[in-house]
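> sequence first, predicted model second:
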Amino acid sequence: MLGPTNTGKTHLAIERLCAHSSGAIGFPLRLLAREVYDRVCAIKGADRVALITGEERIEPKNARWLLCTAEAMPSRPDLAFVALDEAQLSADPERGHVFTDRLLHTRGREETMLLGSATLQPMVRALVPEAEVIGRPRFSTLSHVGAKKLSRIPPRSAIVAFSAEQVYAMAEMLRRFRGGAAVVMGALSPQTRNAQVAMYQAGEVDYLVATDAIGMGLNLDVHHVAFAGLSKFDGHRQRRLTTAEMAQIAGRAGRHQRDGTFGTLAGTGGNDPEFTPEEVFAIEEHRFPPLTRLFWREAEPRFDSLATLIADLESPPPRPELATPPQAIDLAVLKRLAEEPDTAATVRGRGSVQRFWAACSLPDFRQQGTETHARFVARLWQDLRHGYLGADYVAQAIAALDNPSGDIDTLQGRIAAIRSWSYIAQRPDWVLARDEMAARARAVETRLSDALHARLTERFVNRRTTLLMRKTGADAALLPVRLDDSGAVLVDDEAIGHLDGFRFVVDPLARAADRKLLLAAAERHLPGLLATRAQALVRDAGTAEGITLADGALCWNGTTVARLEKGRALLEPRIRIDAALDRLPPPVRQAVETALDAWLARHGEKPLEPLRKLAEAGRDPASGPALRALLLHLVEGGGVLARADAGLERLDDRQRATLRGLGIRVGALDLFVPGALRPAAMALWSALARIWGLDHASPPDTMRPAIPAGKQIPVGYRAAGPQAIRVDLAEKLLQAAHRVRAAGGAAGGRPRRFALDPALARSMGLTTASYAALLRAAGFRAWPPRPLAEGAAGPPAPPLWDWRAPRPRDERRPEAARPRPDSAFAVLAEWLAAEPVGR
């Protein structure tokens, strides 16, 4: 039966097989044999159907219907029916001699059926003159549509390339443009190919990228076939496809009565492929040059010696319609090993030669070439010439490949290797524990195939984008979008991103080409989702814990919703709403801004109240220039000002009383506002100071009593040797020292020297050295302790201290160092004196 390749000839062969009492069909591919085996098992029962391939054999005792690869097809005269699928492969340079042998010699007792292309008809009439040729026309139309860019290829298309690198490149681009593609290559295991095809057939992806392996044995729902190239390397040279090969591939488009199209891929570089008008006509009209010869090799060579075997395999064909094929890999390995004296010397006798030829016939699943494959066969022969392969050796080889980790190329290599061992384990005369080893090899191949399918899907399929493309087409607004409790934005339960506060963040796993589509998908639905979030924000802003302030940013649930920026004064910042909230409708955005303003007013009311009183008094002209300057310095210093820089000598009694009324403590070394030293107040003031660009070291969050001194002392602290102590606690220590001094009185008009207990300082975290440095800064002087009496024992006595009141500032400095009218403090005081009252 001859005709186009997608007309259901295989289905008819199955019907004829099941109509006979027994029979066999030979297929070109293991996966096709397996597919038909499953179908016949459903009809006849698994206990009566056998699967026979080089890598897998399922042979029930009473099997009457056999599904085989062409190479493994048995020659049994008792079979009532025999069929050979894709018989035109008799013209294939690598495997053609096998199909020619089956065409010439394999017959069914009652019926023999040859299935193939119409180009085989002259050869069938010449070689099998008794055959009846029945044509099966193609029911659908196949039309050429020219070249299309990859981004314009319609759904349900197959893109055909002729190298693994090109297949990967096409699949990668389709992942970006259309969400991904299934991948089919000859190097994949049958199980992986089936899994990829099933993914395509189920509609999980709309595109298939394949090598020319797609042209045979795969029934696909393909509407269009796009050729990424029109030439391939055939093992010997780079050549253009024949029109028959083009048609074999293009014929995947369309099924039964549904029309299909084919064309080429544009934009692949400077040498975009294109069909000639003659090729287009031949493909559309199914008119191809007939085959003029089939490849033939002696199928029953003599095994008297290696030389005789090689001579028979290279003997010329007996008929003019037959031709000698190019040297196949099995013959190349045989000749290569026969040239090695050590190996050739081990092959003696008819049985040994026959067994050696069987070893050389091991398929080169790894496609590593004659030399590498010959080394593998030679290693096998070391054991086979003595009988069987050791069970431990086979088990270890299989176990070494049982590793599903690695990338796509690594897994393909392991699958190719395990297929070799599956083939070896199927030979009952090679492996003792054949069933056990075969089962192990199949299990490993299954695991590796599953892993490879997962890697291909992970790399070349973006299920999210595929879903978006299928749901939306050109209108992303049609997508049903919802927000889950965690903030994830879902499209049919497929996460496309999440809301980070009020900003839609595309899934970080999405590639650059996906981002535009995902943003468009969420665009229409975001206003509603954001309005709901805004209501929750307004509600939480009314609570004490709903909003937090960190580094000048107002945060809600860990997300910045607004920032503080300069206002008209240091303690009066403005709120700038985050740009992400611009998507909100104006009334909703205004409600959010009002709620945040109210929160900030409440949040800063108590912590900043002491400083605000100072700022208010500093704006009052009645306070006088000197006091106003001092108060402004205190506000800009976070409520702390060194006494030496305060200019207290410029204040009169009324202004000093005002200081006390404002809660300002005048200490021995510093002026400070105790309420401004609390952690909350200092943190808020520090954030405002950074906004104004004031140069200061940020205080610690907890305002610890003592901290290590750095290059810059934080606001609210005073240096004390290698440490810094909070100014209010420094004043507490100094006041305690003055109480001890006052209790000691004076002697002879001079201050009495006294001892100080550092226990209180230590309780604050100060070391003795730091305590001493603080005392010296406040005017205390240390004296050596009185020596112990001669012969007395005990710890050394602490030092003694005295104190002298520091001279007035103007008396301690020479004239050149005294404040001049143009000093900073004096300039500020004069400016405040001249400032308008209403300022």
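Nice, I can see it.
> the stretch 401-550 of the chain: helices as residue ranges?
408-425, 434-460, 463-472, 512-523, 526-541 (DSSP state H, counting those that start in this stretch).
> burial measure for the closest residue to Gly23 other than its chain neighbours, as a count.
Nearest in space to Gly23, with sequence neighbours left out and distances taken as CB to CB, 6 or more residues apart in numbering, is Phe81 at 3.1 Å. C-beta here means a position set from N, CA and C on the backbone, and glycine is covered the same way. For Phe81, the count of nearby residues is 22 (other CB atoms under 10 Å).
> now do Phe81 against Leu537, distance only.
Noted for Phe81: a distance of 77 Å to Leu537, by CB to CB, to the nearest Å.
> off-centre distance for the biggest strand by length in the chain?
When the chain is parsed with DSSP state E, its longest strand is strand 559-569. The chain centre lies 37 Å from the centre of strand 559-569; the measure is CA atoms, centre = their mean, to the nearest Å.
> elements contacting the helix or strand following it?
Sequence-wise, the next helix or strand downstream of strand 559-569 (DSSP states H and E) is strand 572-577. Packing contacts for strand 572-577, counted by 3 or more CB pairs under 8 Å, 6 or more residues apart in numbering; DSSP states H and E, involve strand 559-569, helix 586-605.
> so for Cys41, which of these sits nearest?
Checking the helices and strands packed on strand 572-577 against Cys41 by CB to CB gives strand 559-569 as the closest, at 59.5 Å.
> who does that closest one pair up with?
strand 553-556 (antiparallel), strand 572-577 (antiparallel) (DSSP bridges).
> any idea how far Leu89 is from Arg252?
17 Å.
> the two: who's more crowded?
Taking neighbours as other CB under 10 Å, Leu89 and Arg252 compare with Arg252 leading, 27 against 24.
> may I see the buried residues of the longest strand of the chain?
By neighbour count on 16 or more other CB atoms under 10 Å, the buried set for strand 559-569 is Thr559, Thr560, Val561, Ala562, Arg563, Leu564.
> ditto for stretch 719-737
719-721, 723-734, 737.
> again, but for stretch 314-321
Buried-residue list, stretch 314-321, by 16+ other CB under 10 Å: Pro317, Glu321.
> quick one: contacts of that stretch?
Under the contact criterion CB atoms under 8 Å, 6 or more residues apart in numbering, stretch 314-321 has outside partners Met123, Ala126, Leu127, Thr292, Arg293, Leu294, Trp296, Glu298, Ala323, Thr324, Leu331.
> the third one contacts Leu104, correct?
Looking back up the chat, that one is Leu127. Yes - here Leu127 reaches Leu104: they are 6.3 Å apart, a contact under CB atoms under 8 Å.
> thinking again about what came up before, among the buried residues of stretch 719-737, which are located in helices?
In helices, defined here by DSSP state H, the members of the buried residues of stretch 719-737 are Val727, Asp728, Leu729, Ala730, Glu731, Lys732, Leu733, Leu734, Ala737.
> could I get the residues you listed in TSV, plus columns for distance to Arg660 and pLDDT?
Compiled in TSV, those are given as follows (distance: CB to CB, whole Å; pLDDT from 0 to 100):
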residue	distance to Arg660	pLDDT
Val727	17	91
Asp728	16	91
Leu729	21	92
Ala730	20	91
Glu731	15	91
Lys732	18	92
Leu733	22	91
Leu734	19	90
Ala737	23	89
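> mind putting those in JSON lines, distance to Pro610 included?
JSON lines is the format used below for these (distance: CB to CB, whole Å):
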{"residue": "Val727", "distance to Pro610": "14"}
{"residue": "Asp728", "distance to Pro610": "13"}
{"residue": "Leu729", "distance to Pro610": "18"}
{"residue": "Ala730", "distance to Pro610": "19"}
{"residue": "Glu731", "distance to Pro610": "16"}
{"residue": "Lys732", "distance to Pro610": "19"}
{"residue": "Leu733", "distance to Pro610": "23"}
{"residue": "Leu734", "distance to Pro610": "22"}
{"residue": "Ala737", "distance to Pro610": "27"}
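> let me see the contact set for Trp803.
Contacts of Trp803 (CB under 8 Å, 6+ apart): Ala737, His738, Arg741, Pro751, Ala778, Gly779, Phe780, Arg781.
> so it bridges to which residues?
Bridge pairing for Trp803 - DSSP bridges - gives Phe780.
> outside of stretch 423-436, which residues touch it?
Residues outside stretch 423-436 that contact it (CB under 8 Å, 6+ apart) are 54-57, 355, 358, 362-363, 365, 380, 384, 388-389, 391, 394, 398, 437-438, 440-441.
> give the buried residues for that stretch.
Per 16+ other CB under 10 Å, stretch 423-436 contains these buried residues: Tyr423, Ile424, Ala425, Gln426, Arg427, Trp430, Val431, Arg434.
> returning to that earlier point: quick one: which of the ones in helices among the buried residues of stretch 719-737 is nearest to Asp551?
Using CB to CB, those come closest to Asp551 at Val727, 24.3 Å.
> that closest one against Leu641, yeah?
No - using CB under 8 Å, Val727 is not in contact with Leu641; the gap is 9.5 Å.
> what touches both of the two?
Common neighbours of Val727 and Leu641 (CB under 8 Å, 6+ apart) are Asp670, Phe672.
> where's Gly542 relative to Gln712, distance?
Plainly put, Gly542 is 39 Å away from Gln712 if you go by CB to CB.
> please disregard the earlier target; I meant Arg574.
Taken as CB to CB, the span from Arg574 to Gln712 is 28 Å.
> pull up the distance across stretch 393-411, start to finish.
Distance across stretch 393-411, first residue to last, is 22 Å (CA to CA, to the nearest Å).
> report all helices and strands that the helix or strand hosting Val740 contacts.
Following DSSP H and E, the helix or strand that holds Val740 is helix 727-744. The contact analysis (3+ CB pairs under 8 Å, 6+ apart) places helix 727-744 against strand 670-672, strand 717-720, strand 754-755, helix 759-763, helix 768-777, strand 800-803.
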